[in-house]
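Participant: Sequence isn't available, so here's the structure alone:
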């Protein structure tokens with residue numbers, strides 16, 4: 001059970017600097033909380049926070065287990081440092097900590113775009129490989145999706161770091177739905193993500209009026225719901 005907003009953008013470092021700034025300005029800092037339900041049971045309360053620091057952004061995720069969630073292997077804290085360019089999102093670093101003395105689920109990865117390599121440790125796997133255009137980490141991919149949608153583009157795929165390799169996730173628009181949520185009645189566009197050959201499909205109910213922040217995220221396996229994240233609160237600059 002992993003809360004991955006699985007997605008990615010084709011990033012080419014090109015275009016005038018003015019466009020790069022404009023793209024970054026389309027994205028706004030926010031803080032959102034979600035209840036995380038697994039097979040109908042609330043297992044965690046998750047807080048996602050995006051902050052801007054100069055020309056970089058810091059995206060954090062913190063989950064507080066509830067009930068049976070305390071017995072599940074997850075990553076209570078994650079952080080991605082990234083840049084937003086006219087072509088998309090460039091992750092700079094990614095860290096994850098499962099809150100225990102074990103390092104099985106931890107990660108500490110650096111993306112060196114100047115030298116074209118990604119290195120570090122990801123879930124006890126040493127990472128050292130060439131950077132591929134469009135690669136994202138488990139958190140930056142969420143912002144990459146929002147940035148693409150803000151630009152009026154539906155991403156076809158994202159590449160997600162997975163140990164010392166990458167996985168490709170394909171994306172498609174599925175439809176529209178108006179949701180009644182604690183932050184109001186919100187019109188959303190539904191996008192789905194899936195990896196070829198996998199029985200799992202992840203869907204995102206993104207709100208155009210709120211910068212395409214997801215109001216709901218849901219994963220199914222063989223058409224059966226595994227987990228759902230529902231928004232509870234939202235603060236947006």
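Facilitator: Good, I have the coordinates. This structure is a prediction, so every number in the text was calculated from the model and none was measured.
Participant: Just give the nearest non-adjacent residue to residue 92, would you?
Facilitator: residue 81 (4.5 Å; CB to CB, 6 or more residues apart in numbering). For every residue, glycine as well, the C-beta is placed using N, CA and C.
Participant: Next up, the contacts around the one you found.
Facilitator: 56, 57, 58, 59, 91, 92, 93, 94 (CB atoms under 8 Å, 6 or more residues apart in numbering).
Participant: For the longest strand seen in the chain, which residues meet the burial criterion?
Facilitator: For the chain, the longest strand by residue count, based on DSSP state E, is strand 165-181. By 16 or more other CB atoms under 10 Å, the buried positions in strand 165-181 come out as 166, 167, 169, 170, 171, 179, 181.
Participant: Distance to residue 26 for those residues - can I get that in TSV?
Facilitator: TSV is the format used below for the buried residues of strand 165-181 (distance: CB to CB, whole Å):
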residue	distance to residue 26
166	27
167	27
169	23
170	24
171	19
179	23
181	23
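Participant: I'd like the residues you listed written out as JSON lines, with pLDDT and distance to residue 29 added.
Facilitator: As requested, the buried residues of strand 165-181 are arranged in JSON lines below (pLDDT from 0 to 100; distance: CB to CB, whole Å):
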{"residue": "166", "pLDDT": "95", "distance to residue 29": "29"}
{"residue": "167", "pLDDT": "94", "distance to residue 29": "29"}
{"residue": "169", "pLDDT": "95", "distance to residue 29": "26"}
{"residue": "170", "pLDDT": "95", "distance to residue 29": "30"}
{"residue": "171", "pLDDT": "95", "distance to residue 29": "25"}
{"residue": "179", "pLDDT": "98", "distance to residue 29": "23"}
{"residue": "181", "pLDDT": "97", "distance to residue 29": "20"}
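Participant: which regions of this protein sit below the pLDDT cut-off?
Facilitator: Applying pLDDT under 70 to the chain flags residues 1-25, 67-75, 101-102.
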